[in-house]
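Participant: Quick one: sequence and predicted model below, then my questions.
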Amino acid sequence: MADASLWTALADPHRRAIVALLLERPRPVGEIVEACGLSQPSTSKHLKVLREAGLVRVRQDAQRRVYALHPAPIAELDAWLAPYRRLWNASLDKLGRRLDEAPDRPEEPATKD
């Protein structure tokens, strides 16, 4: 099962927004601050939580710190969610079959005479 720190890190909407940004490409802290609309200290705290959970990695580039998404913990979460996804997909398939069997157009409402 996925480490509890992963769930804790992803529970916060600001951290999920940072993860979504890093999905596009690695970014320096300044870009993350600007994109998320948070203060630099607040962004740094969120990045620390993500880093400690193993979700992001940081590298020094001259005077900048550049953060990148680390895919291994995401793969771990994906593997944990796989059985639930199959359950959900089975339900959607069942709904799809039911909708395929339904008439193409809604029935006309009965009129009172």
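Facilitator: Arrived safely, thanks for sending. Numbers count the residues shown, from 1 in each chain.
Participant: How many residues are close by Leu55?
Facilitator: For Leu55, the neighbour count with other CB atoms under 10 Å is 25. Backbone N, C-alpha and C define where each C-beta goes, glycine included.
Participant: Was I right to think it contacts Glu76?
Facilitator: No - applying CB atoms under 8 Å, one finds Leu55 not in contact with Glu76, separated by 10.4 Å.
Participant: Show me whatever sits in contact with both of these two.
Facilitator: Here Leu55 and Glu76 have Leu6 as joint contacts, going by CB atoms under 8 Å, 6 or more residues apart in numbering.
Participant: so the spatially most central residue of the chain is in which element?
Facilitator: In the chain, the centroid-proximal residue (CA atoms, centre = their mean) is Arg16; its distance is 6.0 Å. Here Arg16, judged by DSSP states H and E, is contained in helix 13-24.
Participant: quick one on the thing from earlier: ok, the residue nearest to the centre of the chain - contacts?
Facilitator: For Arg16, the contact set (CB under 8 Å, 6+ apart) comprises Leu10.
Participant: So for it, what's the pLDDT?
Facilitator: On pLDDT, Arg16 comes in at 96.
Participant: residues in contact with the very next helix or strand once past the helix holding Arg16?
Facilitator: Per DSSP H and E, the first helix or strand lying C-terminal to helix 13-24 is strand 27-28. With contact meaning CB under 8 Å, 6+ apart, strand 27-28 is reached by 21, 35, 61, 64-67.
Participant: again, 7 Å this time
Facilitator: With contact meaning CB atoms under 7 Å, 6 or more residues apart in numbering, strand 27-28 is reached by 21, 64-67.
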